[in-house]
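# Turn this into a model:
(chains A and B)
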Amino acid sequence: MKRLRWIAMAVLLLVALLGGWLLTGPHRAAPPSRVDSTVSAAMLKDPALVARGGYLATVGDCVSCHTEQGGPPFAGGRALPTPFGSVPAPNLTPDRATGLGDWSFEAFWRALHEGIGRHGELLYPAFPYTSYTRVSRDDALAIFAYLQSLPPVHHVAGSPSLRFPYDLRKSLLAWRAVYFKAGAFKPDPARSAAWNRGAYLVQGLGHCNECHAARDAFGGSTAMPLSGGRIPVQDWYAPDLGTQAHGGLEGWSTQDIVDLLKTGQSAKGAAFGPMAEVVARSTQFMHDDDLQAIATYLQSLPPRPAPPARGTVPDAAAMDRRGGEIYAERCADCHGKDGTGVAGVYPPLDGNSAVLDPAGINAIRAVLLGGFPPVTGGNPRPYSMPPFAQQLDDRDVAAVVSYIRGAWSNRAGPVQQRDVFRYRHTPVQ
Amino acid sequence: MDIRDGKGTRRGWRHAAALAVALLAASLAGAPVRAAAPGDDAPHVPDTLQQRIAACTACHGPHGEGTPDFFPRLAGKPAGYLARQLGYFQAGLRKYAPMEYMVRQLSPAYMREIAAYFAAQQVPYRRSPVPALPTAVLQRGEQLATAGDPARRLPACQGCHGRTLTGVEPDIPGLLGLPYDYLSSQLGSWRTGTRAAAAPDCMATIANRLTPADITAVSAWLASREVPDDAHALPAGSVQPPLACGVLGGGAAAGQGAAP
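Numbering: from 1, shown residues only, chains lettered A, B, ... in the order given. Here you go, the predicted structure:
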């Protein structure tokens, strides 16, 4: 709370200080046009460069945001929800009127590295340039070459619909002063090549931190990197990615992480919600050495502080009994009486990060929505979980989720009926 | 495994042994554990499609029989039609959030396999409640279904859905044995744009030419019909569609539609 207030004051101060400058406008040099660019059209046609760029664009998962539901890939239009309104992702195909057809590489680099659009406008951080700023210029060039090789699609993505003052792009000057600094990835020579590659991918192109760290009231993140957090508006909890003591992935082996990212399933849990999309569109296609590198890096994240002691609900004992009964009747067939799941088929619930998430969101939503882990090359015909939204009322969902959070070796606090009510009405995005 | 209470100890050991075997196998293979080791007393999971799609059958019934009030029947509908609907939920052409979430990360191949499963199911039809309506309304419904209404440029439903109204392979669904609420709400969704099919969307044209009273009439008449003993869709090519339909003309967005 204190920190929030501090940030609020800092932002106000900055707004006041920058006010005068805002009126005259920042004087940014325009990037060179396509013809004046140091990167010629011929260079961009190099097939090896284009192929490398295709892989890197997949690692960066550009297609997820830059494609409308059912629309042509990369042609934009998907509205990214933020607490301040929604921002559509633009068309990245080389269409001259509606896409990147007239962009020079320099303009593209400035967008990715500095979050500044072609006409000098500040871009909203719904575009994760806060992570992409660490992408190397060489990699950015390959991605640009790939995007320019796509068939042009004429498609207007639409414009942001945000509340005042967020609708003024210049209001981002203050935001950027607090939350964003353009910078390059700095390798750590004391670490292995795999660790450095993993750190580069996780912190840069993979933009894992955009979901896996808490955001504050201004939509920025000053939290410890990868320490987990609620995804605003979408209301999912992206867990802490530490694998050591008290980490969200405590006890995960390198192989568990690789399995999850490659197949959508692992001995420790299955991917669902937004993570299912990340796996389906991006990580399943990563090369094995890149997946190993990511796992190596995550394994090195430091131990986390112990969580606060478990809370209680007024009629905890009764809830627990009811929860145990529902579990035996409706869940144990798949997840096992002891919460161990069935290897390769049903995820374990004992020690599962989705069950233990501090906010209790994921387990509640998993029970309400059910679903399939993503279809991947390694798991082409996944098994599924029935949705329980119709079969269990709020009280019963709270009971069974509280039960699995406290059963076996799990030690997470119970969830409340009002939480279930809330997530039952969260739109599925 | 729970060996804290001391009771489940034997089970616990067996479990631990099985787990050890499985872990060893996994570390040797370097791949996720595929099947539970023999002797494991973890739940036995049949390797069947029906088991895999427990999520679908929770709402639509184990054989896709549907429920009289709300969940549509899938059993016996043409496979091409079913697969295309799954693609439409994925692409947002059809809107129903739990369905959209369910199919979001499924591949076209898996969706086709699931569609074929439901298309092959044979389960008797159940009668569902039809609102009590004056005979004149039901007659209007029959007229629309069997003769159409030239004044409103409405072709007969039979013109596409087949003489028996049981559909036409592989793309046109039957209209008999569906609940009144389902029929009227689907026609309503075409009018409000929450259901769409590949352009030209003939059903959207038809639904927009029907008045709300016509929708009630035709839905009630269809829902009150006996389902014939042979409720299978007619063979491909049984109809000459009186309007152009994208899903029949090969321009199907989901790619499963074949011209009859």
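# Quick check: closest non-adjacent residue to A:S171.
Excluding the flanking residues, the one nearest A:S171 by CB to CB, 6 or more residues apart in numbering or on different chains is A:P165, at 4.7 Å. Any C-beta I mention is one placed from the backbone N, CA and C, and that applies to glycine too.
# Quick check, the residue in chain A closest to chain B?
Minimum separation of chain A from chain B (CB to the nearest CB) falls at A:G70, amounting to 2.8 Å.
# Close to chain A: what parts of the stretch 101-250 of chain B are there?
Proximity of the stretch 101-250 of chain B to chain A (CB under 8 Å from any CB of the partner chain) is limited to residues B:Y101, B:M102, B:R104, B:Q105, B:L106, B:S107, B:A109, B:Y110, B:E113.
# In a markdown table, list those along with secondary structure.
A markdown table is the format used below for these (DSSP: H, G, I helix; E, B strand; the rest coil):
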| residue | secondary structure |
| --- | --- |
| B:Y101 | helix |
| B:M102 | helix |
| B:R104 | coil |
| B:Q105 | coil |
| B:L106 | coil |
| B:S107 | coil |
| B:A109 | helix |
| B:Y110 | helix |
| B:E113 | helix |
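# Quick check on those: which are buried?
Listed as buried from these are B:Y101, B:M102, B:R104, B:Q105, B:L106, B:Y110, B:E113; burial here means 16 or more other CB atoms under 10 Å in any protein chain shown.
# between those, which is closest to chain A?
B:Q105 (3.9 Å).
# Give me the neighbour count for A:D350.
Per other CB atoms under 10 Å in any protein chain shown, the neighbour tally for A:D350 reads 20.
# and it, what is it in contact with?
Counting by CB atoms under 8 Å, 6 or more residues apart in numbering or on different chains, A:D350 makes contact with A:D338, A:G339, A:T340, A:A407, A:W408, A:S409, A:N410.
# thought the fourth one was touching A:T340?
Meaning A:A407. No - using CB atoms under 8 Å, A:A407 is not in contact with A:T340, being 11.5 Å away.
# of these two, who's got more company?
Set side by side, A:A407 and A:T340 show more neighbours around A:T340, with 25 against 20, by other CB under 10 Å.
# Would you check how far apart that one and A:A267 are?
From A:T340 across to A:A267, the span is 10 Å (CB to CB, to the nearest Å).
# And for A:F127?
Distance from A:F127 to A:A267, by CB to CB: 35 Å.
# Please read off the pLDDT at the residue of chain A closest to chain B from the model.
Looking at A:G70, its pLDDT stands at 90.
# now swap in the one 3 residues further on and tell me
We note a pLDDT of 97 for A:P73 in this prediction.
# residues touching it, list them.
Counting by CB under 8 Å, 6+ apart, A:P73 makes contact with A:V63, A:H66, A:T67, A:L150.
# make it 10 Å
Contacts for A:P73 (CB atoms under 10 Å, 6 or more residues apart in numbering or on different chains) come out as A:C62, A:V63, A:H66, A:T67, A:L92, A:T93, A:L150, A:P151, A:V153, A:R281.
# same thing with B:L210?
B:L144, B:D149, B:R152, B:L154, B:L187, B:G188, B:W190, B:R191, B:T216, B:A217, B:V218, B:S219.
# In the stretch 51-200 of chain B, what residue lies closest to chain A?
Here the stretch 51-200 of chain B gets closest to chain A at one residue, B:A91, 2.8 Å apart by CB to the nearest CB.
# Make sure A:F421 is actually in contact with A:A389.
No - A:F421 is beyond contact range of A:A389, at 11.7 Å (criterion: CB atoms under 10 Å).
# where do the contact lists of these two overlap?
With CB under 10 Å, 6+ apart, A:F421 and A:A389 have common neighbours A:V397.
# just the helices in the stretch 1-150 of chain B please.
Here the stretch 1-150 of chain B has its helices, by DSSP state H, counting those that start in this stretch, at B:9-29, B:49-52, B:54-60, B:79-91, B:97-103, B:108-119, B:135-146.
# Please identify the most buried of these.
With neighbours taken as mean count of other CB atoms under 10 Å in any protein chain shown, these reach their highest mean count in helix B:79-91, at a mean of 23.
# quick one, what contacts B:S224?
Contact analysis of B:S224 by CB under 10 Å, 6+ apart lists B:R127, B:S128, B:P129, B:V130, B:P131, B:L133, B:L138, B:G141, B:E142, B:L176, B:Y180.
# just to revisit the earlier point, per-residue confidence for the residue of the stretch 51-200 of chain B closest to chain A?
B:A91 is assigned a pLDDT of 94 by the prediction.
# Repeat that for the one 4 residues further on.
Looking at B:K95, its pLDDT is 92.
# which of the contacts of B:L210 has the most neighbours?
Highest neighbour count within the contacts of B:L210: B:S219, with 28 neighbours (other CB under 10 Å).
# is it true that that residue lies in a strand?
No - applying three-state DSSP, one finds B:S219 to be helix, outside a strand.
# how close does it get to B:S185?
Noted for B:S219: a distance of 9 Å to B:S185, by CB to CB.
# got any residues that touch both of the two?
Common contact partners of B:S219 and B:S185 (CB under 10 Å, 6+ apart): B:P179.
# So for stretch A:390-399, mean pLDDT?
Averaged across stretch A:390-399, pLDDT comes to 96.
# Name the residues that touch that stretch?
A:313, A:315, A:318-327, A:330, A:360, A:363-365, A:367-368, A:388-389, A:400-401, A:414-424, B:58-59, B:70-71, B:98.
# of these, buried ones?
In the contacts of stretch A:390-399, the ones that pass as buried (16+ other CB under 10 Å) are A:313, A:319-320, A:322-324, A:326-327, A:330, A:360, A:363-365, A:367-368, A:388-389, A:400-401, A:414-417, A:419-420, A:423, B:58-59, B:71, B:98.
# Return the subset of those residues lying in helices.
A:319-320, A:322-324, A:326, A:363-365, A:367-368, A:400-401, A:417, A:419-420, A:423, B:58-59, B:98 (DSSP state H).
# what about A:H287, how many neighbours?
A:H287 is flanked by 10 other residues according to other CB under 10 Å.
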